[in-house]
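Colleague: Return atomic coordinates for the entry below.
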Amino acid sequence: MVTGYGVFYTTLFKIQFVPLIRGMDMDALVVRDLHKRYGNIEAVKGVDFSVKEGEIFGLIGPNGAGKTSTLRMICTLLTLTSGSISVCGHDVSKEPDEVRKIISYLPEDAGAYKDLTGHNYLKFMAGFFADGAEAKAMVERGIAIADLGERIDSKVDTYSKGMMRRLLIARAIMPSPKIAVMDEVTSGLDVINAFEIREIIRNIAKSGVTVLISSHNMFEVDILCHRVAMINDGRVVLMGTPSDLKEQYGAQNLEEVFVKAVMD
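Modeller: Presented below is the predicted three-dimensional model:
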């Protein structure tokens with residue numbers, strides 16, 4: 001049985017990702033006047049932001065601010081109520097299949113098949129994207145990203161939460177997407193595991209993959225992201241580099257910036 005966002009990945013399984021060509025100061029993602037309604041509730045109320053190729057960009061804000069709904073619309077998991085999203089030049093509403101070829105999504109509650117070893121799980125997933133030597137190379141890439149040592153051959157149900165997260169990040173990145181979207185990627189991890197996951201994300205971005213992360217952890221976003229957009233009540237209230245935002249508000253950290261921005 002396919003877990004979590006299986007419908008999304010089942011759609012992607014037969015798609016072969018193309019090699020990444022990194023541009024200079026080009027937009028990998030453009031979100032304009034994005035709205036999402038659930039019945040009478042408007043969760044996203046006109047969100048605007050763009051992300052450059054190879055950038056680590058953070059969406060931050062409290063629970064219920066509209067972060068996850070925004071990510072799911074970007075990844076074609078939710079339909080837009082109105083507005084537009086462009087992923088590497090492809091319109092999410094008009095070309096969802098093209099978007100799915102170049103994007104990878106790792107939700108907060110993603111899981112893996114617990115009866116498989118980490119190695120076999122990566123082999124299983126790679127089989128949906130490629131075969132032969134290409135699939136083998138993809139698995140080797142996944143093993144290198146996960147960096148679990150001998151534990152890659154242990155069953156997934158013996159993994160700690162940190163090990164599981166490393167495996168899932170490897171699964172998301174091994175097909176070489178152009179954009180990786182990650183929701184609360186270090187949620188619930190201890191200090192060491194969170195540090196290691198952030199290092200993995202930095203290395204992914206250095207390889208040319210654009211990374212969009214959502215988090216309510218202001219410290220993490222401060223030290224990890226090139227730029228951030230702060231969302232509150234379905235709207236972007238601030239956007240910029242962490243250092244510029246802290247200077248603008250005379251604050252020591254992004255948490256203080258956010259509080260001042262919301263209260264102004």
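
Colleague: the strands in the chain, which residues?
Modeller: Assigned strands in the chain, in chain order: 27-38, 41-52, 56-60, 82-87, 90-91, 103-106, 179-183, 210-215, 227-232, 235-240 (criterion: DSSP state E).

Colleague: quick one: contacts of the shortest one?
Modeller: It stands for strand 90-91. 84, 85, 98, 99, 102 (C-beta atoms under 8 Å, 6 or more residues apart in numbering). C-beta: built from backbone N, CA, C; applies to glycine.

Colleague: Put together CSV for the residues you listed, with neighbour count on each row.
Modeller: Below are these laid out as CSV (neighbours: other C-beta atoms under 10 Å):
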residue, neighbour count
84, 14
85, 21
98, 17
99, 23
102, 21
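
Colleague: Farthest-apart pair in those residues, please.
Modeller: Maximum pairwise distance in the contacts of strand 90-91, criterion C-beta to C-beta, is 17.1 Å, between 84 and 102.

Colleague: who wins for proximity to residue 221 among the strands of the chain?
Modeller: When those are compared by C-beta to C-beta, strand 56-60 sits nearest residue 221, at 3.9 Å.

Colleague: Does anything pack onto the closest one? Which helices or strands?
Modeller: Judged by 3 or more C-beta pairs under 8 Å, 6 or more residues apart in numbering; DSSP states H and E, the packing partners of strand 56-60 are strand 41-52, helix 67-74, helix 191-206, strand 210-215, helix 218-224, strand 227-232.

Colleague: Parallel or antiparallel, which strands does that strand pair with?
Modeller: Strands that pair with strand 56-60, judged by DSSP bridges, come out as strand 210-215 (parallel), strand 227-232 (parallel).

Colleague: Show residues contacting that strand.
Modeller: With contacts defined as C-beta under 8 Å, 6+ apart, strand 56-60 is touched by 29, 49, 51, 67, 70-71, 201-202, 205, 210-218, 221, 224-231, 254, 258.

Colleague: switch the cut-off to 6 Å
Modeller: Applying C-beta atoms under 6 Å, 6 or more residues apart in numbering, the set of residues contacting strand 56-60 from outside is 51, 67, 205, 211-215, 221, 224-231.

Colleague: swap in stretch 228-242?
Modeller: Identification of contacts with stretch 228-242 by C-beta under 6 Å, 6+ apart yields 43-45, 47, 49, 58-61, 65-67, 221-222, 227, 254, 258, 261-262.

Colleague: ok, of those, which come out buried?
Modeller: 43-45, 47, 49, 58-61, 65-67, 221-222, 227, 254, 258, 261 (16 or more other C-beta atoms under 10 Å).

Colleague: for the contacts of strand 90-91, which one is nearest residue 183?
Modeller: residue 85 (16.2 Å).

Colleague: OK, contacts around that closest one?
Modeller: Counted by C-beta under 6 Å, 6+ apart, residue 85 has contacts 31, 74, 92.

Colleague: Find the nearest non-adjacent residue to it, please.
Modeller: Computed as C-beta to C-beta, 6 or more residues apart in numbering, the closest residue to residue 85 that is not its neighbour in sequence is residue 92, at 4.0 Å.

Colleague: and that neighbour, what are its phi and psi?
Modeller: Residue 92 adopts backbone torsions of phi -60, psi -40, taken as degrees, to the nearest 10.

Colleague: Low-confidence stretches in this protein?
Modeller: Residues of the chain that meet the criterion pLDDT under 70 lie in 1-24, 264.

Colleague: Now with 50, please.
Modeller: For the chain, residues meeting the criterion pLDDT under 50 lie at 1-24.

Colleague: For stretch 89-106, what is the distance to the chain centroid?
Modeller: 14 Å (C-alpha atoms, centre = their mean, to the nearest Å).

Colleague: for stretch 51-64, that is, sorry about that
Modeller: Counting by C-alpha atoms, centre = their mean, stretch 51-64 comes out at 9 Å from the chain centroid.
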